[in-house]
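1. below is the sequence, then the predicted model.
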Amino acid sequence: MQSRAGSNRFPTERLQPVHALVAQACAQYDEGAQCFDTAADASDESGAVWVGTPEERSQADGLDCGFAAQGNAGNLLTQAAATGKEITNAPVG
């Protein structure tokens with residue numbers, strides 16, 4: 001896996017909380033990608049599955065998991081942005 005931009009640099013102490021939230025969001029997106037991969041593996045070339053088969057259940061579970069992870073990651077990034085704004089607006093010292 002490729003290194004993320006800026007991942008080799010450590011945030012300042014003030015921005016550690018933002019960094020932690022972004023790292024959690026990235027992990028959620030990675031989890032979601034694995035879930036979508038599971039859903040794709042259960043499907044045929046057109047994305048279809050037969051109703052009532054184990055493949056249908058696997059596809060549905062993978063899609064549910066993937067979209068849930070995507071939503072969770074987005075929420076974490078929103079929280080990180082709000083935390084960053086609070087930090088930058090707070091007096092230093």
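-> Received, thanks.
2. show me where this structure dips below the pLDDT cut-off.
-> Scanning the chain for pLDDT under 70 picks out 1-8, 93.
3. which one's the longest helix in it?
-> Using DSSP state H to define each element, the chain has its longest helix at helix 54-89.
4. can I assume Leu15 is in contact with Gly84?
-> Yes: at 7.1 Å, Leu15 counts as touching Gly84 under the criterion of CB atoms under 8 Å. C-betas here are computed from N, CA, C, even on glycine.
5. how far off centre is stretch 25-38?
-> Put simply, stretch 25-38 sits 6 Å off its chain's centre (CA atoms, centre = their mean, to the nearest Å).
6. what residues are up against the nearest residue to Cys65 once chain neighbours are set aside?
-> Distances taken as CB to CB, 6 or more residues apart in numbering place Cys35 nearest to Cys65, at 3.6 Å, with adjacent residues excluded. Neighbour list for Cys35: 61-66, 69 [criterion: CB atoms under 8 Å, 6 or more residues apart in numbering].
7. returning to what we had before: which helices and strands sit right next to the longest helix of the chain?
-> helix 16-42 (3 or more CB pairs under 8 Å, 6 or more residues apart in numbering; DSSP states H and E).
8. can you give me how far the helix it packs on is from the chain middle?
-> 3 Å.
9. what residues sit buried inside it?
-> The neighbour-count check on helix 16-42 (16 or more other CB atoms under 10 Å) flags 17-19, 21-22, 24-25, 28-29, 31-32, 35-36, 38-39, 42 as buried.
10. same check, this time on stretch 56-63
-> 58-59, 62-63.
11. now for those residues: which two are most distant?
-> Farthest-apart pair in the buried residues of stretch 56-63 is Ser58 and Leu63; separation 9.7 Å (CB to CB).
12. find the centremost residue of the protein, please.
-> Tyr29 (2.1 Å; CA atoms, centre = their mean).
13. picking that back up, okay, and the common contacts of Ser58 and Leu63?
-> Contact criterion CB under 8 Å, 6+ apart; residues shared by Ser58 and Leu63: Ala39.
14. thanks again, I'm all set now.
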